[in-house]
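A.B. asks: Let me see the structure of the following:
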Amino acid sequence: MADSWQAQREALGAFIRTQRQLANLSLRQLAELTSLSNPYLSQVERGLHEPSVRVLKAISDALNVSAETLLAQAGLVDAVAGQSASTAAEAEQEDRTEAVIAADKRLSDDQKAALLAVYRSMVDRP
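C.D. replies: Next up is the predicted model:
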């Protein structure tokens, strides 16, 4: 059981690191955005610490990733619990689209923020 928990923490940490890199954020920048310490975030990314739900929420907000996605990566909920498979797939596609926008080096930070705001306003409509 301990091995599976360690593997789960490592997978979560790797996911967070990847999302941070896609967002072109340093560990220090993510620490500032989340009000968490740089060493603590480093431990989370290396799978050495299991973050609380509050910490996961702060990280998800800073990385523009849904909290449900991080909670699913942490094993705290089934992949977007309570949603149909198609809705979960749509949410995953939205996360991927946002990650691609955040990673585009041709756009300034202001342009990325504006594009993400427009994109979210379009996909959040019923």
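
A.B. asks: So what touches the longest helix along the chain?
C.D. replies: Assignment by DSSP state H gives helix 2-22 as the longest helix of the chain. Helix 2-22 is contacted by residues 27, 30, 44-51, 59, 63, 65, 70, 73-75, 99-100, 102-103 when judged by Cβ atoms under 8 Å, 6 or more residues apart in numbering. No exception for glycine: its C-beta is placed from N, CA and C like everyone else's.

A.B. asks: Just the buried ones from those?
C.D. replies: Buried members of the contacts of helix 2-22, counted by 16 or more other Cβ atoms under 10 Å: 30, 44-45, 47, 49-51, 59, 63, 65, 70, 73-74, 99, 102.

A.B. asks: Which element is encountered next along the chain beyond the longest helix of the chain?
C.D. replies: As assigned by DSSP states H and E, the chain's next helix or strand after helix 2-22 is helix 27-34.

A.B. asks: Next, the angle helix 2-22 makes with the next helix or strand after that next one.
C.D. replies: Sequence order places helix 38-45 as the next helix or strand after helix 27-34, per DSSP H and E. Interaxial angle of helix 38-45 relative to helix 2-22 (axes from the mean of the first three to the mean of the last three Cα atoms, to 10 degrees): 120 degrees.
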